[in-house]
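# Okay, sequence plus prediction incoming.
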Amino acid sequence: MKKDIATHWNIGEAAELYGIRSWSAGYFDLGDDGSVQITVPFNGKRVAVSMMNIIAAMQQRGVQMPALLRIQNVLDAQITALNESFRRAIANLSYQGQYRGVFPIKVNQQCQVIGEIAKFGSRYKHGLEAGSKAELLIALASLDPEYGHIVCNGYKDAEFISLGLQALKLGHKVFFVIETPTELPIILQESARLGIRPLLGVRVKLASRVSGYWNESSGDRSIFGLTTAQLVATIDTLRSNDMLDCLQLLHYHLGSQVPNIRDIRGSVLEACRYYVDLVKEGAAMGYLDLGGGLAVDYDGSQTNYQYSKNYSLDEYCSDMVETIMTTLDPEEISHPTIITESGRATVAYSSILLFNILDITQFEPGEVPDAVEDEPEILANLRLTLKSVNQKNLQESYNDAIYYREETRELFKRGQISLRDLSLSENIFLQIVGSVVREMQSAKRIPKGLDELEDMLSDVYYGNFSVFQSLPDVWAIEQIFPVMPVHRLNEAPTRQAIIADITCDSDGKIDRFIGTRGINKTLPVHALKPDEPYYMGVFLVGAYQETLGDLHNLMGDTNVVSIRINDDGTFDLVHELDGDSIADVLSYVEYSPQQLFEQFRSFAEQSVRKGRITPVQRQAILDEFSASLRGYTYFED
Ligand SMILES: *Cc1c(COP(=O)(O)O)cnc(C)c1O
């Protein structure tokens, strides 16, 4: 079967196999050279660049793998898409208000990324959402006060509030969203002290619960937002302080990655009811902030599966606009400015983790030698099982093989068979599994439980990266990201593999992949060629992965390269960031690299004194020690 595929293989089949055209939102495709292409929009046409040209450019500049590749044009295009989509919905439905997006800084706080968002977003007056004091400082320094709103969620102390109030004087539109009743007295006190009237919002807990992984933020038990009693008390306090004109914004956030459009619509509807009553209570209002939740279709299935979504961006925008109109119009309430805090959907597409494969392990049976005179009986049983595999006894053969393998392991533990016999038995076991798998391919019905047998024979490809550092959600929440080789796609992949990282942790692996029908445990890959690197990419990693990552096994930040693609198909490396050196990561855990060096040097000097090494050998090993301190934490060429 595999041979057949090989002879008829073409790029179209590779695209199908990896689903790239389903999950790439048009930004990635396959080129005739067999490598992944990045394609970005330019005035109605698309310009493509081969990933292998980008990798070559990185190599020429000495940028080692693993590396995070950021594509500025993709971020730019996503901000444009979001704003244009709302603009179209607003125009088509004759909505009387405007749209103002804000990017939640926590989704990717990297300086470079926030800088790009501020720059590309300025033509739409796209703003920022800050959830902490540190993020407020980033927002105040990154946005031109004339452009973009700043929405402040999260806990706010007096310092936070005082700073935000003073920024109003600079022209920044800073909204304090009241999340808990304790914040209001501090806001009142600081605004009285400074004589500056605040811009206020309230965050409500909606009763609507949504599906998806992050649904904890929704429902009346969610930890954020005011209960209805707290909301009423807030209104009363503002009224008695003659400050209802300051209350201008209603906010809710359902949690990230909401896969089902019905949940989104239901929540907008509920929020609008709050909005109506806040207006009736006499609050100034004017802004409706629908939070984040706009999902990314990571697996390309367009379903309500938790790592997908069953709606397009246009549907999302027009459903929101339409729901607001149909709820507010009968009440004759003017249309508010719509704010969304889309983070994931804005940045996910623009980053790709690239890594090379360092090594592989194959679970392939070797030749089984003929039986010898006094062979243990258990081996004869295994040999017999192997010989008798046929289409009618697949399940039975497999069960026998498992049984005998367990038996052999027991015998070995009791010292009754040798290491060589144990090894032979494992080999025959793999032969049996291989034989069952081969028979299965032409069998009419595959017995239940055997459909995963092929996974047992899959290879392990060792990738030069750390799941914990670069893909924390793969480990923490079993998130699905698109993973695939980025070249050789004009050759049929002949192997099936899981991807292991270079931490020595058994959780440091990727073993859930997008398949043509659902999630697979293995990924089709190519056999390695001697002396030729094999590069793979993990796509759609721009949201949440960078700062949630940790230093497991002291693997540090990877190198980062940002590119800007030009309309003639060339590209510029606009920014390079060296990943952590070993000295960097050691200092994160409180070592002093200098002191480590000096301690090691004194051990080396002792060895000179004891005559174990010469002074010249001492110097050589010290040079290596200090070169290692300066080096990359990953496998270097
Ligand atoms: C995390 C967060 C967001 C971002 O949500 P996405 O689903 O990534 O768009 C928006 N608003 C608030 C309050 C958040 O906490």
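Nice, thanks for sending it over. Numbering: from 1, shown residues only.

# In the chain, which residue sits nearest the ligand?
Nearest residue of the chain to the ligand: Gly292, at 2.1 Å (C-beta to the nearest ligand atom). (C-beta placed from N, C-alpha, C; glycine too.)

# Quick check on the closest residue to that residue other than its chain neighbours: phi, psi?
What sits nearest to Gly292 in space, not counting adjacent residues and going by C-beta to C-beta, 6 or more residues apart in numbering, is Glu341, at 4.6 Å. Phi and psi for Glu341, reported as degrees, to the nearest 10, are phi -110, psi 60.

# wouldn't the residue of the chain closest to the ligand be in contact with Ser256 here?
Yes: between Gly292 and Ser256 there is a contact at 5.7 Å, judged by C-beta atoms under 8 Å.

# Touching both of these two, which residues are there?
343-344 (C-beta atoms under 8 Å, 6 or more residues apart in numbering).

# What residues does the stretch 201-350 of the chain have near the ligand?
253, 256-257, 291-294, 341-344 (C-beta under 6 Å from any ligand atom).

# one more time with 5 Å, if that's ok
By C-beta under 5 Å from any ligand atom, the part of the stretch 201-350 of the chain that sits against the ligand consists of 253, 256, 291-293, 341-344.

# Rebuild those residues as TSV, extending it with secondary structure, neighbour count and pLDDT.
Formatted as TSV, these follow (DSSP: H, G, I helix; E, B strand; the rest coil; neighbours: other C-beta atoms under 10 Å; pLDDT from 0 to 100):
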residue	secondary structure	neighbour count	pLDDT
His253	coil	25	94
Ser256	coil	24	93
Gly291	coil	28	97
Gly292	coil	26	96
Gly293	coil	29	96
Glu341	coil	24	98
Ser342	coil	26	98
Gly343	coil	24	98
Arg344	helix	23	98
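
# secondary structure class for the residue nearest the centre of the chain?
Centroid-nearest residue in the chain, with C-alpha atoms, centre = their mean: Val541, separated by 3.8 Å. Three-state assignment for Val541 (DSSP: H, G, I helix; E, B strand; the rest coil): coil.

# Export only the CA atoms of the helix or strand in which Arg46 is found, formatted as CSV.
Taking DSSP states H and E as the definition, Arg46 sits inside strand 45-50. Output in CSV follows, covering the C-alpha atoms of strand 45-50 (Å, rounded to 0.1, in the frame of the first residue of the first chain):
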residue,chain,number,x,y,z
LYS,A,45,-2.9,39.5,-4.7
ARG,A,46,-0.8,37.0,-2.6
VAL,A,47,3.0,36.8,-2.4
ALA,A,48,4.6,33.6,-1.5
VAL,A,49,8.0,32.8,0.1
SER,A,50,9.5,29.3,0.5
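
# Against which helices or strands is that strand packed?
Here strand 45-50 is seen to pack against strand 36-42 when contacts are counted using 3 or more C-beta pairs under 8 Å, 6 or more residues apart in numbering; DSSP states H and E.

# Alpha carbons of the strand it packs on, as PDB, please.
Extracted C-alpha coordinates of strand 36-42, given in PDB (Å, rounded to 0.1, in the frame of the first residue of the first chain):
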ATOM      1  CA  VAL A  36       5.900  25.000   3.000                       C
ATOM      2  CA  GLN A  37       5.300  28.400   1.600                       C
ATOM      3  CA  ILE A  38       4.200  31.500   3.500                       C
ATOM      4  CA  THR A  39       1.700  33.400   1.500                       C
ATOM      5  CA  VAL A  40       0.700  36.900   2.500                       C
ATOM      6  CA  PRO A  41      -1.800  39.400   1.000                       C
ATOM      7  CA  PHE A  42      -0.600  42.500  -1.000                       C
END
